[in-house]
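Asker: 3D model of this:
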Amino acid sequence: LPTTLDVDKYARKVRTVVTLSSPHRGSPLATALSSVLGAQILKLISLVTIYTLRTGRVPIAAVFYLVRLLSLPRLPIAAGTLLNNIYRDLLSDFSDDRREALDRFMVTVGDDQELLSQLTPAAMSLFNTTTFDRPSVRYGSVITCARPPGMRTSWAVGLSPFRQATHLLFTAFHRITARMPATPIGLTNSQQRALVGAYERLPTLRDNDGMVPTLSQAWGEIVHATWGDHLDAIGHFYLPTHVPPHFDWLNSGQRFTLEEFERIWLDVARFLFA
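Answerer: Residues are numbered from 1 along each chain as shown. Sure thing, here's the model as predicted:
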């Protein structure tokens, strides 16, 4: 890209790049959420989370509508109006000052959607054909794959209304992300061996971590591959007894553990220092 900076001066200093559950070949979830209606869905999801944290109550009706909407192959034309109505209903439970502050925050969130359109499978295909690895840099990736949501994961989440509600959202996200286009991924032999070693089979295009297809995440040497959702590997897993406590924003029922979290980052450290 055009720039007045001496890019090579800085790029020469980079020795290793490790990516974490990254959509190197894009994600269908980015496609679904990069539309005008997708931005409204994201805004409502954010408000539902804030509402639950502030009031201690889960807006079940809003969550069920979101899940139903996300489960449709195509979003209905009237969805935008209904989303706005639900959004206004949730805001009405806050004080005037809080409502004004939340509205300002949500406008900022809504204006910051440009990255999503760059992470669609089509956009990343174009990026990969025009951008090349530097021979002097070692590339590695951490891979996450979630077990498909169902009765087992719902039971693992527990009886908390908030955790069950966010598990429904995870289920909807997982189904959307499973719609990866049937395009060749081009894994190397060593990448295939690493994935089979971690998952006892080679993941398919439908396998994902709730936000990014698993095969889309492979780039360079596979540093670590694990069962977990997109947020587990950065510490958003459920462990309320830990100090400080860990809470899961999107409850997937994967039973991810602190030990697995530490194994990921020890392997990353070993890769960086190798």
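Asker: Now for this structure: which helix has the highest residue count?
Answerer: helix 36-55 (DSSP state H).
Asker: which other residues reach it?
Answerer: 32-33, 57-59, 62-63, 66, 69-70, 75, 79-80, 83-84, 86-87, 90-91, 93-94, 98, 102, 106, 109-110, 113, 116, 162, 165, 169, 249 (Cβ atoms under 8 Å, 6 or more residues apart in numbering). (Glycine included, C-beta is placed from N, CA and C.)
Asker: mind running it again at 7 Å?
Answerer: 32-33, 58-59, 62-63, 66, 69, 75, 79-80, 83, 86-87, 90, 93, 102, 106, 109-110, 113, 162, 169, 249 (Cβ atoms under 7 Å, 6 or more residues apart in numbering).
Asker: Quick check on those: which are buried?
Answerer: 32-33, 58-59, 62-63, 66, 69, 75, 79, 83, 86-87, 90, 102, 106, 113, 162, 169 (16 or more other Cβ atoms under 10 Å).
Asker: about what we covered before: quick one: distance of the very next helix or strand once past the longest helix of the chain to the chain centre.
Answerer: Along the chain past helix 36-55, the next helix or strand (assigned with DSSP states H and E) turns out to be helix 60-71. How far helix 60-71 lies from its chain's middle: 18 Å, per Cα atoms, centre = their mean, to the nearest Å.
Asker: and the residue nearest the centre of the chain, what does it touch?
Answerer: Centroid check for the chain by Cα atoms, centre = their mean gives Met211 as the closest residue, at 3.6 Å. Applying Cβ under 7 Å, 6+ apart to Met211 gives the contacts Ser27, Leu29, Phe173, Thr177, His230.
Asker: Check the gap between it and Ser92 for me.
Answerer: Applying Cβ to Cβ, to the nearest Å, the value for Met211 to Ser92 is 31 Å.
Asker: cool, and Trp155?
Answerer: Distance, Trp155 to Ser92, by Cβ to Cβ: 35 Å.
Asker: Gly38 now?
Answerer: Gly38 is 24 Å from Ser92, by Cβ to Cβ.
Asker: Okay, and which of the contacts of helix 36-55 map to helices?
Answerer: Short answer: the contacts of helix 36-55 in helices (DSSP H) are 32-33, 62-63, 66, 69, 79-80, 83, 86-87, 90, 102, 106, 109-110, 162, 169.
Asker: ok, for Ser117, nearest residue in space, not its chain neighbours?
Answerer: In space, and not counting its chain neighbours, Ser117 is closest to Ser34: 4.4 Å by Cβ to Cβ, 6 or more residues apart in numbering.
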